[in-house]
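Engineer: When you get a sec, could you give me coordinates for this:
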Amino acid sequence: MSLWGNKDAVYSDGTIAISGTTVTGTGTTFNTAGLISAGDVLTVGTGSTQGEAVIAGVTSATVLTLEESPSTLDSGTITGAAYVISQRPISTIFDTNYDAAEIYGVDTTEQSVANAASGEARQYAPAHAGWVGITTYTDNHGNLRVKTETLVAGSTISGDAEDTKFPDS
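Structural biologist: Residues are numbered from 1 along each chain as shown. Predicted coordinates for the structure are as follows:
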């Protein structure tokens with residue numbers, strides 16, 4: 001795979017357990033789905049318990065192997081975890097500017113809808129479709145502020161992992 005792909009959500013069925021660099025899925029069809037490739041990014045968990053790693057290979061319908069680096073996953077064992085596999089830029093794994101949950105694959109429709117929105121929804125409108133980093137904060141007057149940065153411009157993003165932030169209509 002190239003340094004980045006164009007799919008925000010490649011696969012996320014079932015749950016996974018991770019021990020070392022071995023990912024074991026429950027309710028998964030990793031190799032039969034035909035969607036997962038070496039170089040895709042596995043994002044596990046949410047919030048402060050979130051981590052990411054690069055997929056080294058697909059062993060079977062229920063087993064993936066991970067590259068040892070880059071990875072922000074805890075070194076301990078993870079069980080019964082929700083996950084998503086995407087083609088986000090690998091360089092974002094150790095990006096100190098954005099957490100995994102702050103990088104979005106925004107397609108051209110989602111960008112248009114955000115630009116046409118009003119109020120708070122309009123604040124999230126990115127300048128370009130593609131891989132976008134977004135940070136939010138509250139200023140000293142209590143107002144929501146949103147900063148967007150286009151990390152990789154691209155008009156071919158597909159697969160949705162974030163319709164809450166960027167709806168299609």
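
Engineer: With just CA atoms, put the lowest-mean-pLDDT helix or strand in the chain into PDB.
Structural biologist: In the chain, the helix or strand scored least confidently by mean pLDDT, DSSP states H and E is helix 30-33, which has a mean of 79. Provided in PDB are the C-alpha atoms of helix 30-33 (Å, rounded to 0.1, in the frame of the first residue of the first chain):
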ATOM      1  CA  PHE A  30     -10.400 -10.900   7.500                       C
ATOM      2  CA  ASN A  31      -9.100 -12.800   4.500                       C
ATOM      3  CA  THR A  32     -12.400 -13.600   2.900                       C
ATOM      4  CA  ALA A  33     -13.500 -10.000   2.900                       C
END
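
Engineer: ok, residues contacting it?
Structural biologist: 11, 13, 36, 58-64 (CB atoms under 8 Å, 6 or more residues apart in numbering). In this view, the C-beta of every residue, glycine as well, is placed from N, C-alpha and C.

Engineer: Could you measure from N140 over to V10?
Structural biologist: According to CB to CB, to the nearest Å, N140 and V10 sit 41 Å apart.

Engineer: So those two - more neighbours on which side?
Structural biologist: It is V10, of N140 and V10, that has more neighbours when counted by other CB atoms under 10 Å, with 22 against 5.
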